[in-house]
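# coordinates for the following, if possible.
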Amino acid sequence: MNRLLNKTLLYYSFFATIILLLSAPFIYWTMESLYKDDVDEAILLRRDEFEINNRKTLHISDIPVWNKFNRDIRILPDTVIQSPKDSIIQQIFYDELVPEWEPYRVLYKDVSIEGKPFVLMIRLNLVESEDLIRTIVRIYLGILFALLLVIFFITLFVSNRLWKPFYATLRQIEQFNIELNKLPQFPDTKIKEFNQLNNRLTTLIQQSVQSYITQKKFTQNASHELQTPLAVLQSKLDLLLQDNSLQKGQLQILHSLYESVSRLTRINKNLLLLAKIENNQFAEFSSFTVNDIVSEVIPYFTEQADSKKLTIETTFKNIISLKANKILTELLINNLFLNAIRHNIEKGKITLTLDTGRFIIANTGIDQALDAETIFERFKKNSTDTRSSGLGLSIVKEICDLNNWTISYTFKDSTHIFTVRF
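Here you go, the predicted model:
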C-alpha cells in the first residue's frame with residue numbers, strides 16, 4: 001500500500017511529465033520560428049551591408065575572387081537562378097566541409113554591377129531539425145529532473161509541516177486499545193479540517209468504548225446469572241437420568257437435553273474466562289518452562305487420543321523459559337491440544353515441537369485449509385462436534401494478545417499447523 005507522500009509525488013510527477021510532453025511540439029515550433037526569424041534578420045543585414053559597402057566598388061573582374069572567399073555571399077549570373085527574387089526561402093545545399101546536405105535560409109536579389117545584371121545570393125546555415133530536437137530533449141530531461149527534485153522537496157516539506165497533525169492523529173489511533181479504556185489525546189491544530197476529523201474521531205471512539213463496556217458488563221452479568229440456573233438444570237437432569245422407570249425414547253430426549261445443557265455450561269464458563277482475561281484478572285506471574293507444561297499436559301489427553309488411535313510425537317529442540325501466568329499458559333496449550341484431537345481423523349497424528357521461542361502443534365485432519373482470517377473469532381466452528389463451544393481458539397488468541405505473543409495458522413501437506421511465538 002502506497003504512502004500519502006508517495007501517492008502525491010506520483011500524481012505530481014505524472015502530470016508534470018504529461019504537460020512537458022504535450023508542450024514539447026509547441027516549444028519546438030516556437031524555437032524553430034524564432035531561430036529562423038533571427039537568421040532572416042542576419043541575411044537582410046548582410047544584404048544591406050553589401051549594398052552600402054561593396055556593390056558600388058565591385059568590378060565584374062572581381063567576382064571570381066569574391067565568390068572564392070565568400071561561401072555564403074555569392075554573385076551569380078542572372079540566368080542561373082530561377083528561384084523567386086527578393087524573398088527568403090529555405091533550400092538544401094551540399095556542404096563540402098561537413099560533408100553532408102544541410103538546410104539553409106537563402107535570399108536571392110537582383111543586383112547591377114558595372115551596368116550588367118547579376119543575382120546576389122546570401123545564405124545562412126540552419127541547425128538541422130534532428131539537432132534541434134536533440135537539444136530540446138536534453139533541455140526537457142534536465143527541466144523534468146529538476147522539476148521532480150523540486151516537487152519531491154516541496155511535497156516532503158508540505159507533508160512534514162501541513163500533514164504533521166494528521167500523522168499525529170494516525171499514531172494515536174494505531175496505539176489505541178479499546179480494552180484499556182483510555183481515550184486517545186489528539187493534538188490541537190489550526191487546520192479546520194483536521195480539527196473536524198479529530199473531534200469526530202473522539203466522538204466515535206467514546207461511543208465505541210461505551211458500547212464495548214456495556215456489552216462486556218452484560219456478558220459478565222449474564223454469564224454469572226446463568227451459572228446457578230444451569231447448575232440446577234444439570235443436577236435435575238442427572239436425577240431424571242437415574243430414574244429406572246423412564247422409557248428408552250424418554251432417556252434419549254433427556255440425554256440430548258443433558259448434552260445441550262453441558263455445552264451451554266461450557267460456553268458460559270468460557271465466556272466468563274474470556275471476560276477475566278480481558279479484565280486482566282490473571283496478574284500473577286511466575287517463572288516456568290513450556291517444556292514442563294507440555295510434558296504434564298500430554299498424559300491428561302492420552303485417553304482421548306487413544307479413542308481415535310492417534311499418534312503423538314514430541315520434539316524438544318530447546319528449553320523455552322517464560323515469566324508469565326502459568327494457569328493461562330497451561331490453558332493455552334490445553335486448548336490447542338484439545339483442538340488437535342477433536343478435529344483430527346482416525347489413526348491420525350499430532351506433532352508437538354518446542355523450538356527457539358516457538359511452540360508448534362501440528363495435526364492431521366480435513367484435507368482442506370481453514371480460513372486463517374476468521375479461525376480465531378468467537379463461535380467460529382470448523383466442525384460439527386457438539387462438544388466444541390467455538391471459543392477454544394478465541395481464548396488462545398486472547399491469552400497470546402495479553403502476553404504480546406503471536407499465534408498463526410498454516411496448512412501444509414494435509415497438516416494443520418498452529419505456531420505460538422513467545
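# tell me where this structure has helices.
Along the chain, counting by DSSP state H, helices occupy 4-53, 63-69, 129-161, 164-175, 192-241, 248-278, 290-297, 302-307, 326-342, 392-402.
# name the residues of the third one that are buried.
When burial is assessed from 16 or more other Cβ atoms under 10 Å, helix 129-161 yields the following buried residues: 136, 140, 147, 151, 155, 159. In short, each C-beta sits where N, CA and C put it, glycine included.
# what does the fourth one give?
Neighbour counts using 16+ other Cβ under 10 Å place 165-166, 169, 172 of helix 164-175 among the buried residues.
# in a markdown table, list these along with pLDDT.
Shown next, in a markdown table, are the buried residues of helix 164-175 (pLDDT from 0 to 100):
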| residue | pLDDT |
| --- | --- |
| Pro165 | 85 |
| Phe166 | 84 |
| Thr169 | 88 |
| Gln172 | 88 |
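# let me have those residues in CSV, extended by distance to Glu49.
Shown next, in CSV, are the buried residues of helix 164-175 (distance: Cβ to Cβ, whole Å):
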residue, distance to Glu49
Pro165, 70
Phe166, 69
Thr169, 74
Gln172, 79
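# nearest to Gly115 among those?
Of all those, Phe166 has the smallest distance to Gly115: 88.3 Å, by Cβ to Cβ.
# how about the closest one, what does it touch?
194, 197 (Cβ atoms under 8 Å, 6 or more residues apart in numbering).
# do the same with Val98
The contact partners of Val98, by Cβ under 8 Å, 6+ apart, come to none.
# dihedrals phi and psi, it?
phi -80, psi -50 (degrees, to the nearest 10).
# what distance do you get for it to Asn125?
Distance, Val98 to Asn125, using Cβ to Cβ, to the nearest Å: 10 Å.
# domain assignment for the protein?
Segmentation of the chain into domains, based on the TED database, reads 4-148, 194-276, 284-421.
# which of the buried residues of helix 129-161 sit farthest apart?
Ile136 and Ser159 (33.1 Å).
# state the mean pLDDT of the longest strand seen in the chain.
Counting residues, the longest strand found in the chain (DSSP state E) is strand 100-113. Average pLDDT, strand 100-113: 88.
# tell me which other helices or strands it touches.
Secondary-structure packing of strand 100-113 (3 or more Cβ pairs under 8 Å, 6 or more residues apart in numbering; DSSP states H and E): helix 4-53, strand 87-95, strand 116-125.
# mean pLDDT lowest where, among those?
helix 4-53 (a mean of 82).
# and the pLDDT for Ser388?
pLDDT, Ser388: 55.
# what do you get for Asn339?
In this model, Asn339 carries a pLDDT of 91.
# and it, how close does it get to Phe157?
Counting by Cβ to Cβ, the gap from Asn339 to Phe157 is 54 Å.
# for Lys85, same thing?
62 Å.
# now distance to Phe411 too, for the helices of the chain, in a markdown table please.
As requested, the helices of the chain are exported to a markdown table (distance: least, Cβ to Cβ, whole Å):
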| stretch | distance to Phe411 |
| --- | --- |
| helix 4-53 | 35 |
| helix 63-69 | 92 |
| helix 129-161 | 42 |
| helix 164-175 | 30 |
| helix 192-241 | 32 |
| helix 248-278 | 25 |
| helix 290-297 | 23 |
| helix 302-307 | 21 |
| helix 326-342 | 14 |
| helix 392-402 | 15 |
